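Student: sharing a model that was predicted from the sequence below.
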Amino acid sequence: MHQGPNYNSNNLYSVQRIHDDNVNAGNFSTTPSGLKYYTLLITPNDYSQLVCSGNFTIDGISSSWVYNSDYHPTGFGNACYPVNPPWHGSGVGQSTSFTTPHSYVLKGGAGPNVCWGPNSNSGQNFIGNGTYRFNGPFEFDNSAYCDGAFTSSTDSVTWRKIILMDIYQNDLGFLINDQYDPATYSEDLETWLQYMPDPNNPYYVPLEPTHNGYPKHIKVFVFPEYHDENPLQATMEIDLDIDYVVDVPGCTDVSALNYDSFATVNDGSCTYAPAPLAIDPPIVTSDISSANHTVYTILGVDGTPTGGPVPVLVLNTLDISIPTPTGGTPPYEDFEITSVIDNANPNGVYGQPNSLPSQVYLIDDALSTLDPSDPSGLTYSNAVLNRLPINTNIFLGMNPGTYSFGKVLLEVPHNSLAFPNLEALHEISIEISAEDDIGGNITSTPLIIDILSQY
């Protein structure tokens, strides 16, 4: 007996046929119950596209599968459901489901994993039909033809049952699932491998499959059915119409803008909305300790007498690092300081209410003078980078990075009579903003700088 030519419309695989010219020659295998079967091997021509058992039909018949939680290793994954095959997922080259529907049964209840069956919470097995992913094995049942039209045909042989099993190869070169066959493990497919890790690997640690996570080949176990009356011939054929239902390429990620509900394999075409535009607060990179600031008492501001001594705190330098935004549509540009204010506490005690926000002058050091003995006091005409109102933007530049300011002038709202400790706490708040390439604008949360002035 030999298997006749098989039909392959997709040219994705080849089928190795087992030849046995004499049905009594013993060139077949036998199950523990005495059923004879023959073995075919479906091998992909290349591994650029998934070829797996669940996508086949044979003579127009779809397969079925059964999962029994009793045979799942306790403590490995979710014992109530089959483990995903390595090709399952929404990543490029992965598939979210099979291309052909199957009838399936989830059962169990006699072992340690009581998920289904009469002993489960539901009290019954779960029976369904669909393209739900599974490692197999898959069974094709031709009983309707064997017990019907075949009995009145002139054929001597057909097939009653075919089992397909995906055989993977791990990154050490060993085959996974290759030890399973009807002769060794009987026809009870519930006891066959239900999980992907190599059982020879300690603790069932998964080993990375090769061939893009696709099966290396597929074993096909064919159970013949012989006619009760038609005589057997020395050479007979079983014609198998083995069809592979090709995956539908497209975007399988439901979070993508172009998600295709009909696609079964991700072809890398997914597009996504940009993440929301965001920017972190700036970072102070210069010294803001007392070594870098001085409190002056001035008699005038820009040539105008103040009417009495006015204390001011001057930071000699202030360097801030502007981070690169994230999200939105790069490149990013138009970096600005959008707010510089000082919530000062006149008694210098942390945690107490601050005064109303006062202005912070960021000054171009080269254009300003500071002479406490001069009635003009601080001269800064055309040198102040930020003007009234307080939240006037300061353009920094087109790129992130470090920006430096030569002087930073803070008012000192100190009442020396009420608070003779001669301290004032400054809480400087700095916000920055930026734009992305399509005009989106984002403002950071404030950078808070605490400075305790002593004088």
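Tutor: That came in fine, so what should we check first? Residues are numbered from 1 along each chain as shown.

Student: not counting sequence-adjacent ones, nearest residue to Phe223?
Tutor: Lys161 (4.3 Å; CB to CB, 6 or more residues apart in numbering). The C-beta positions use only the backbone N, C-alpha and C, and glycine is treated the same way.

Student: tell me the spacing between that neighbour and Met398.
Tutor: Distance, Lys161 to Met398, using CB to CB, to the nearest Å: 72 Å.

Student: which of these two has more neighbours?
Tutor: With other CB atoms under 10 Å as the criterion, Lys161 and Met398 differ in neighbour count, and Lys161 comes out ahead with 19 against 12.

Student: how about the more buried one, what does it touch?
Tutor: Remark: with contacts taken as CB atoms under 8 Å, 6 or more residues apart in numbering, Lys161 is in contact with Glu139, Phe140, Asp141, Asn142, Ser143, Phe223.

Student: in strands only, show me those.
Tutor: The strands, defined by DSSP state E, take in Glu139, Phe140, Asp141, Phe223 from the contacts of Lys161.

Student: out of these, who's the most crowded?
Tutor: The residue in the ones in strands among the contacts of Lys161 with the most neighbours, by other CB under 10 Å, is Phe140 (24 neighbours).

Student: that residue against Ser63, yeah?
Tutor: Yes: with the criterion set as CB atoms under 8 Å, Phe140 and Ser63 qualify as a contacting pair; they are 5.0 Å apart.

Student: give me the common contacts of the two.
Tutor: Residues touching both Phe140 and Ser63 (CB under 8 Å, 6+ apart): Leu164.

Student: burial count for Gly440?
Tutor: Using other CB under 10 Å: Gly440 sits among 16 other residues.

Student: i'd like the first residue to be 52 from this point on
Tutor: Happy to do that; since the first residue is 52 now, the last one works out to Gly491.

Student: name the residues of stretch 297-313 that come out as buried.
Tutor: Residues of stretch 297-313 classed as buried by neighbour count (16 or more other CB atoms under 10 Å): Val297, Asp298, Gly301, Cys302, Thr303, Asp304, Ala307, Asp311.

Student: quick one: average confidence on that stretch?
Tutor: Over the span of stretch 297-313, the pLDDT mean works out to 88.

Student: helix or strand next in line after whichever strand or helix holds Val156, which one?
Tutor: For Val156, the element it lies in under DSSP states H and E is strand 153-158. Later in the chain than strand 153-158, the nearest helix or strand by DSSP H and E is strand 177-181.

Student: next one: the closest residue to Asp318 other than its chain neighbours relative to Gly264, how far apart?
Tutor: Leaving out its chain neighbours, the residue that sits closest to Asp318 by CB to CB, 6+ apart is Pro300, at 3.9 Å. Using CB to CB, one gets 17 Å for the distance from Pro300 to Gly264.

Student: how close does the residue positioned nearest the centre of the chain sit to Ser171?
Tutor: Taking CA atoms, centre = their mean, the centroid of the chain lies closest to Gly142, which sits 8.4 Å from it. With the distance defined as CB to CB, Gly142 ends up 33 Å from Ser171.

Student: show me the contacts for Ile371.
Tutor: Pro333, Ile334, Val335, Thr336, Thr453, Tyr454, Ile481, Leu498.

Student: just the buried residues of those residues.
Tutor: Applying 16+ other CB under 10 Å to these flags Pro333, Tyr454, Ile481, Leu498 as buried.

Student: any idea how far apart the tips of stretch 189-209 sit?
Tutor: By CA to CA, to the nearest Å, the extent of stretch 189-209 from end to end equals 19 Å.

Student: chain center to stretch 106-122, what's the gap?
Tutor: In terms of CA atoms, centre = their mean, to the nearest Å, the centre of stretch 106-122 is set 29 Å apart from its chain centre.

Student: dump that stretch to PDB, restricted to CA.
Tutor: In PDB, the C-alpha atoms belonging to stretch 106-122 read as follows (Å, rounded to 0.1, in the frame of the first residue of the first chain):
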ATOM      1  CA  ASN A 106      -4.200  25.600   9.500                       C
ATOM      2  CA  PHE A 107      -4.800  22.400   7.400                       C
ATOM      3  CA  THR A 108      -7.900  20.800   6.100                       C
ATOM      4  CA  ILE A 109      -7.800  17.300   4.700                       C
ATOM      5  CA  ASP A 110     -10.400  16.300   2.100                       C
ATOM      6  CA  GLY A 111     -12.200  19.400   3.100                       C
ATOM      7  CA  ILE A 112     -12.400  18.300   6.800                       C
ATOM      8  CA  SER A 113     -11.300  20.500   9.600                       C
ATOM      9  CA  SER A 114      -9.700  19.100  12.700                       C
ATOM     10  CA  SER A 115     -10.600  18.900  16.300                       C
ATOM     11  CA  TRP A 116      -8.600  19.000  19.500                       C
ATOM     12  CA  VAL A 117      -9.000  18.200  23.200                       C
ATOM     13  CA  TYR A 118      -7.200  19.700  26.200                       C
ATOM     14  CA  ASN A 119      -7.200  17.900  29.500                       C
ATOM     15  CA  SER A 120      -6.000  19.900  32.400                       C
ATOM     16  CA  ASP A 121      -5.200  16.700  34.400                       C
ATOM     17  CA  TYR A 122      -2.100  16.200  32.200                       C
END
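
Student: domain map for the protein?
Tutor: Structural domains assigned to the chain are 53-317, 334-505, following automatic domain parsing.

Student: ok now the first one, how far from the chain's centre?
Tutor: Right, domain 53-317. Distance of domain 53-317 from the chain centroid (CA atoms, centre = their mean) equals 29 Å.

Student: list of residues touching stretch 154-174?
Tutor: Here stretch 154-174 makes contact (CB under 8 Å, 6+ apart) with 113, 115-123, 125, 130-132, 175-181, 183, 185, 241.

Student: helix/strand/coil for His141?
Tutor: His isn't right for residue 141; it's Ser. Under DSSP: H, G, I helix; E, B strand; the rest coil, Ser141 falls in the coil class.

Student: any idea how far it lies from Ser306?
Tutor: Relative to Ser306, and taking CB to CB, Ser141 is found at 9 Å.

Student: then Pro327?
Tutor: For Pro327 relative to Ser306 (CB to CB), the value is 14 Å.

Student: over to Ser171?
Tutor: The value you get for Ser171 to Ser306, if CB to CB is used, is 34 Å.

Student: could you do His262 as well?
Tutor: Applying CB to CB to His262 and Ser306 gives a distance of 28 Å.

Student: so where do the helices sit in the stretch 152-301 of the chain?
Tutor: Remark: helices assigned in the stretch 152-301 of the chain by DSSP state H, counting those that start in this stretch are 194-197, 233-236.

Student: buried deepest among the ones you listed, which one?
Tutor: Between the helices of the stretch 152-301 of the chain, helix 233-236 has the highest mean count of neighbours, a mean of 17, where neighbours are mean count of other CB atoms under 10 Å.

Student: what comes into contact with that helix?
Tutor: Counting by CB under 8 Å, 6+ apart, helix 233-236 makes contact with Ser80, Thr81, Thr82, Pro83, Leu86, Tyr88, Ile214, Thr242, Trp243, Phe272, all of which sit outside it.
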